[in-house]
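Enquirer: I would like the atomic coordinates for the input below:
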Amino acid sequence: MEASAMRVRMSVRLLYLALAVGIAAFALTGLQAAACSQHYTMIPRGNYTLLTLAGVNNYNAYIGGLQDGAAAMISPMLWNLVGGSGNVTMVLSGGHLYVYINVTGVSRAIKFTPVVGFPDIMYGWYSWGPFYTRTSSYGFLSLPMPASEVPDLWSVVNYSLSLSRGAYNDFSYDIWLVRSPGATSLGPSDVELMLWMYANQSLAGLPYWVTWRPVTMPTLINGTIKNVTYQVFILPRNGGPSGWMLIILIPEVNESGGQYHGLLKGEYGVDLGELMNETLNIIGEFNGTQWEQGLYLSVIQLGAEVDAPGGDMMMNFNVSSWYLVNGSPTNLCSATTTTTSATASQLTSTTSVSAPAASTSHATTSISSVRPAKAHEVEELLVPVVVAVVALIAALALLTKRR
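Expert: This is a model prediction of the structure:
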């Protein structure tokens, strides 16, 4: 009888132990879910096709809704094209952007500039020509904002470039820092920053360009964060004595033929806060006298500089995703925040955008919802921890309990 009772008591203890371990495992799973990173799309949602005829409506544009009332604009931005036949088609579908370029007989406005256009996605306030347009913003990245106050948000893009004829000079971010938000023209006190994720050329040794010291930043490449060194090239005045400062960063990735090319396709991510800090340091070192102070991040563009060295461009590229991440870009939550419907002003297509300020509203998402853990987020993290600890203590008590 005694032996039988002992077996019963042992079976009950083992049952309690299994239950405690199960509760602990469930709680820890909740902890992992609570610690995942929210991400916010930067590609307009919904389905839309923007057809642009070469030389007819080079600045055709469409503004589409993102999440939480924010918006972004797409445009072929054929700024250096004055002649040619064909079209550029930009297709938004299922959260992706597809760009098809088929233009022959290209004639450039500025003959010696090896760029025809920059088909892109734009977010922020492009207050100068040709667009004079401001998209609505996420509350945590409400542009324009002081460059020194840009939060630590990862910007992550997945893309692929395909070429038949013509050339990609780069696939890049084109980021504008201005001295006076809302300025309708750019000048010597403003800065253009380009980060070439793909580079078809090196700028080392070219006339007018200054090779600056390299910088190293954490960079996400195909799922892995690593410290990547970037070559830095500076054009003190872009377009002449009254032009703005241009800084180009080229990652020391995929070296071939004595130069670095970056990625022709893949996943690429940078921390916007870190990028702004490094850029302001470069600006201050180059210009001196605290020249970097008082700059505002006004607009972020993502796209490809395309060219037609033989007179024709037949190419296509796609951006399968572009999003901002609060936290680690390698541990994304499975679902994003709730999407709100875009307003009519956010979903307007035009053949030529030239009117001031298409939209000046801002989303109401607060920075606390995307910055490191605040009070409510700490509670979410503590609850599963406490449950797991209690469950494990109970399990240990059962194991050590005397008969």
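Enquirer: Need the per-residue pLDDT for R9.
Expert: For R9, the pLDDT comes out at 54.
Enquirer: ditto for G117
Expert: In this model, G117 carries a pLDDT of 98.
Enquirer: ok, it - contacts?
Expert: N58, P76, M77, L78, W79, N80, L81, V88, E305, V306 (CB atoms under 8 Å, 6 or more residues apart in numbering). (Glycine included, C-beta is placed from N, CA and C.)
Enquirer: before we move on, what about G269?
Expert: Residues in contact with G269, defined by CB under 8 Å, 6+ apart, are W154, S155, V156, V157, T219, L220, I221, I225, V325, P329.
Enquirer: quick one: which helix or strand includes it?
Expert: strand 265-271 (DSSP states H and E).
Enquirer: Return the set of buried residues in that strand.
Expert: K265, E267, Y268, G269, V270, D271 (16 or more other CB atoms under 10 Å).
Enquirer: one step back: which ones among the contacts of G269 are found in strands?
Expert: Here DSSP state E is the test, and the contacts of G269 give W154, S155, V156, V157, T219, L220, I221, I225, V325 as lying in strands.
Enquirer: Now render those residues as CSV, adding neighbour count.
Expert: Formatted as CSV, those follow (neighbours: other CB atoms under 10 Å):
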residue, neighbour count
W154, 25
S155, 23
V156, 20
V157, 22
T219, 23
L220, 22
I221, 18
I225, 15
V325, 24
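Enquirer: of those, closest to I248?
Expert: Within the ones in strands among the contacts of G269, the smallest distance to I248 is 15.9 Å, found for T219 (CB to CB).
Enquirer: List the contacts of the nearest residue to that closest one once chain neighbours are set aside.
Expert: Once flanking residues are discounted, T219 sits nearest to V228: 4.0 Å by CB to CB, 6 or more residues apart in numbering. With contacts defined as CB under 8 Å, 6+ apart, the neighbours of V228 are T216, M217, P218, T219, I221, P251, E252, V253.
Enquirer: 10 Å instead, please
Expert: Counting by CB atoms under 10 Å, 6 or more residues apart in numbering, V228 touches 215-221, 249, 251-253, 262, 268, 270.
Enquirer: With respect to pLDDT, which of the contacts of G269 ranks lowest?
Expert: By pLDDT, P329 ranks lowest within these, coming in at 91.
Enquirer: Would you convert the contacts of G269 into CSV that also reports distance to E292?
Expert: Shown next, in CSV, are the contacts of G269 (distance: CB to CB, whole Å):
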residue, distance to E292
W154, 23
S155, 21
V156, 26
V157, 26
T219, 22
L220, 26
I221, 28
I225, 27
V325, 26
P329, 27
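Enquirer: From the residues you listed, pick the one nearest M313.
Expert: Lowest distance from M313 to those (CB to CB) belongs to V157, with 22.0 Å.
Enquirer: where's the closest one relative to E267, distance?
Expert: V157 sits 7 Å away from E267, going by CB to CB, to the nearest Å.
Enquirer: swap in P119?
Expert: 20 Å.
Enquirer: And for D152?
Expert: 19 Å.
Enquirer: Then L51?
Expert: According to CB to CB, L51 stands 29 Å off from E267.
Enquirer: With P114 instead?
Expert: Distance of P114 to E267, given as CB to CB: 28 Å.
Enquirer: Repeat that for W212.
Expert: Distance, W212 to E267, using CB to CB: 27 Å.
Enquirer: Can you name every helix or strand that the helix or strand encompassing Y159 contacts?
Expert: According to DSSP H and E, Y159 maps onto strand 154-165. Applying 3 or more CB pairs under 10 Å, 6 or more residues apart in numbering; DSSP states H and E, one finds that strand 154-165 contacts strand 96-108, strand 167-178, strand 191-199, strand 210-221, strand 265-271, helix 272-287, strand 296-307, strand 313-326.
Enquirer: That one pairs with which strands?
Expert: strand 265-271 (antiparallel), strand 313-326 (antiparallel) (DSSP bridges).
Enquirer: Confirm S148 sits in a helix?
Expert: Yes: S148 sits within a helix when classified using DSSP: H, G, I helix; E, B strand; the rest coil.
Enquirer: I283 is in contact with that one, correct?
Expert: No: using CB atoms under 10 Å as the test, S148 is too far from I283 to be in contact (11.1 Å).
Enquirer: Which residue of these two possesses the greater neighbour count?
Expert: Between S148 and I283, I283 has the larger neighbour count (other CB atoms under 10 Å), namely 22 against 15.
Enquirer: Can you give me every residue that contacts the residue nearest to that one when sequence neighbours are not counted?
Expert: In this structure, I283 finds its nearest non-sequential neighbour in E292, 4.1 Å apart by CB to CB, 6+ apart. Counting by CB under 10 Å, 6+ apart, E292 touches A147, S148, L177, V191, T279, L280, N281, I282, I283, G284, E285, F286.
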